[in-house]
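**Q** make a model of this:
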Amino acid sequence: MGKITFQHGGAQKSEKDEQDADKTEIVVPLEQQHEELSVPVRTRKAAVSGLCCMTFGSIVLMSGLVLASIYFYRYYYVNQLPRENLFQCRVLYEDAVYAPFRRQQELEESVEINLEDNYEQINVPVPHFGGSDAADIIHDFHRGLTAYYDITLDKCYIIELNTSIVMPPQNLRDLLVNVRRGTYLPQTYIIQEEMVVVGQVYSVQQLGVFIDRLCGGKETYRLKHRSSRRRINKRKEHNCHSIRHLENTFVVETRICDQA
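**A** Here you go, the predicted structure:
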């Protein structure tokens, strides 16, 4: 005899429930799902912002370095001129006014000529014979100005460039090249120009980089040529100072006097 067995529906249901129990369903709140989706977007925005900040900082840093390099070059390396534009001069001349009993006097100076920027710089050391101050002089043909820095007084003086006396850079360079070669000697007489202080200059930055480099941070005064050619009387001699220098085929004595 065969045995027929019937499996109850309850057993099938229990097995199905066990299978469903193995498949655990996790329900995530909607707010948490939104946060999880937002995290990558925020990370991406933060990375982009950081990159922008780094780029901007790099631009600012490079701009600062460029400006610092320009400043450093203009103020410290502008004097690094070619050797052929640097001159050491010694000139013998006669002074019939202040030293009539001496045959000749010697003027010594160093000259820098910058043809590119169109200016001349003259350094006059303390003279051996006295009667003149040590000085640094700049003739800026681009600005049309001359600056005298009297080293003895530690003061600067500014005046319009006198092109009737001061030779342009190219001409002065040619003259000094010929003097260096011994093919030409300047004339041995001296001429005088008299100037008087007319006011103080409180800022020299607008006068150009070369004058600013020479006179920046120093007492600076404006000059004008004395209208009268009369000699200054002895009582006022102590208010005047002289600078002797060569900037042409003759020696020039620049007398700078305070206001009477």
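
**Q** can you list contacts of stretch 85-96?
**A** Contacts to stretch 85-96, defined as C-beta atoms under 8 Å, 6 or more residues apart in numbering, come from residues 102-115, 173, 176, 179-180, 186, 188-190, 246, 250-251. C-beta coordinates here come from the backbone N, C-alpha and C atoms, glycine included.

**Q** now that stretch: buried residues?
**A** For stretch 85-96, burial by neighbour count (16 or more other C-beta atoms under 10 Å) applies to N85, F87, C89, V91, Y93, E94, D95.

**Q** hey, C-alpha coordinates of that stretch in PDB?
**A** Output in PDB follows, covering the C-alpha atoms of stretch 85-96 (Å, rounded to 0.1, in the frame of the first residue of the first chain):
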ATOM      1  CA  ASN A  85      79.700 104.800 -19.100                       C
ATOM      2  CA  LEU A  86      81.600 105.200 -15.800                       C
ATOM      3  CA  PHE A  87      84.400 107.800 -15.600                       C
ATOM      4  CA  GLN A  88      86.900 109.100 -13.100                       C
ATOM      5  CA  CYS A  89      88.000 112.700 -13.900                       C
ATOM      6  CA  ARG A  90      90.800 114.900 -12.800                       C
ATOM      7  CA  VAL A  91      91.000 118.400 -14.200                       C
ATOM      8  CA  LEU A  92      93.400 121.200 -13.600                       C
ATOM      9  CA  TYR A  93      92.000 124.700 -13.800                       C
ATOM     10  CA  GLU A  94      92.800 128.200 -12.800                       C
ATOM     11  CA  ASP A  95      90.800 130.200 -10.200                       C
ATOM     12  CA  ALA A  96      91.500 133.800 -10.600                       C
END
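
**Q** quick check: mean pLDDT of that stretch?
**A** Stretch 85-96 comes out with an average pLDDT of 85.

**Q** just stretch 110-129 next, same as before
**A** 91.

**Q** for the protein, name the helix or strand with the lowest mean pLDDT.
**A** helix 9-22 (a mean of 50; mean pLDDT, DSSP states H and E).

**Q** of the contacts of stretch 85-96, which belong to helices?
**A** Counted as lying in helices by DSSP state H, out of the contacts of stretch 85-96, are R173, L176, V179, R180.

**Q** what is the burial count for the last one?
**A** Okay, so that is R180. 13 (other C-beta atoms under 10 Å).

**Q** residues touching it, list them.
**A** Per C-beta under 8 Å, 6+ apart, neighbours of R180: F87.

**Q** just the pLDDT for it.
**A** The predicted local confidence for R180 is 84.

**Q** do the same with the second one
**A** Looking at L176, its pLDDT stands at 91.

**Q** which residues touch it?
**A** F87, C89, V111, I113.

**Q** any idea how far apart the tips of stretch 182-191 sit?
**A** 23 Å (C-alpha to C-alpha, to the nearest Å).

**Q** quick one: the strands in this protein?
**A** Here the chain has its strands, by DSSP state E, at 86-93, 105-114, 119-124, 135-140, 145-150, 155-160, 190-201, 219-225, 240-246, 251-257.
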